[in-house]
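Peer 1: Below is the structure, and that's it, no one-letter string:
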Ligand SMILES: Nc1ncnc2c1ncn2[C@@H]1O[C@H](C[S@+](CC[C@H]([NH3+])C(=O)[O-])CC(=O)[O-])[C@@H](O)[C@H]1O
Ligand SMILES: O=C(O)C(=O)Cc1ccccc1
């Protein structure tokens, strides 16, 4: 059972930039479910999509795996011991906890949990790649290269699932959707102060793109087929097929 997220519940003298440290690990399942509309549906959907796209004798990548929720969903949905999942995160605290969690399950598909920067990876024989709310934390100038690398290492017929917080640009629509997302967080028990302090912590850390920016990157990397398979407010998930 995950502890309740109260990281921003008290007024802080100075709000530091958000990072995935031990404090966040302890509350992460609670934090992400109360903060990301549709998170549980997306995790379930990733398992279903893996059933369609994961190939035997191939590698499946979960990039920015955190505690490995997507990895678990795939391992549960795809009962194949000939393929393997490589779950990667650059937070030591996340990787330690993720390793412990994954070892507690007895699914057929083996899993390697690795502490690394996803920008340093070389992809090989990939059939299914997951970036579930991770690309938004990568510096903007590294995003295209990562997608190119994934495309290069992907087998024909393979697929990428990319989930992201979107921006609608500097528009009144964007302002209204952000307001609605904050109302969602309030309904899930966060106070106005918690919402404001978390927002400040994420400034310049979580940098959202527009749907068009994502679509342009898919085309530039070489992908020909893609669509939005899920969206709840400004949180969307794309399926991108090679
Ligand atoms: N360059 C990087 N290299 C590796 N990991 C990174 C990098 N940058 C950020 N991360 C990692 O990406 C994860 C983002 S959380 C993903 C949720 C998960 N996918 C889930 O399905 O529950 C999303 C969120 O909290 O909004 C964190 O664990 C970071 O350490
Ligand atoms: O909390 C938010 O406002 C978010 O955008 C999502 C989120 C969830 C967990 C860690 C960082 C960001």
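Peer 2: Good, I have the coordinates. Computed from a prediction, not measured in an experiment: that's the story for all the values here. Numbers count the residues shown, from 1 in each chain. Ligands and ions are numbered 1, 2, ... in the order given.

Peer 1: drop to CA atoms for contacts and neighbour counts, all remaining ones
Peer 2: Fine.

Peer 1: For the longest strand anywhere in the chain, which helices and strands make contact with it?
Peer 2: As assigned by DSSP state E, the longest strand anywhere in the chain is strand 154-165. With contacts taken as 3 or more C-alpha pairs under 8 Å, 6 or more residues apart in numbering; DSSP states H and E, strand 154-165 sits against helix 39-53, strand 126-132, strand 235-241.

Peer 1: Show me which positions of the longest one end up buried.
Peer 2: If I follow you right, that is helix 39-53. 39, 42, 43, 44, 45, 46, 47, 48, 49, 50, 51, 53 (16 or more other C-alpha atoms under 10 Å).

Peer 1: three-state assignment of the residue nearest to the fourth one when sequence neighbours are not counted?
Peer 2: The one in question is residue 44. Excluding the flanking residues, the one nearest residue 44 by C-alpha to C-alpha, 6 or more residues apart in numbering is residue 73, at 6.3 Å. What DSSP: H, G, I helix; E, B strand; the rest coil gives for residue 73 is helix.

Peer 1: Please name the residues that touch residue 73.
Peer 2: Residues near residue 73 by C-alpha atoms under 8 Å, 6 or more residues apart in numbering: 43, 44, 46, 47.

Peer 1: how about CSV for those residues, with pLDDT and distance to residue 242 added?
Peer 2: Putting these into CSV (pLDDT from 0 to 100; distance: C-alpha to C-alpha, whole Å) gives the following:
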residue, pLDDT, distance to residue 242
43, 99, 21
44, 99, 22
46, 99, 17
47, 99, 19
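
Peer 1: closest to ligand 1 among these?
Peer 2: Ligand 1 lies nearest to residue 43 out of the contacts of residue 73, by C-alpha to the nearest ligand atom, at 6.7 Å.

Peer 1: Report the contact partners of that closest one.
Peer 2: Residue 43 neighbours (C-alpha under 8 Å, 6+ apart): 69, 70, 73.

Peer 1: ok, of the residues you listed, which one's closest to residue 215?
Peer 2: residue 70 (22.6 Å; C-alpha to C-alpha).
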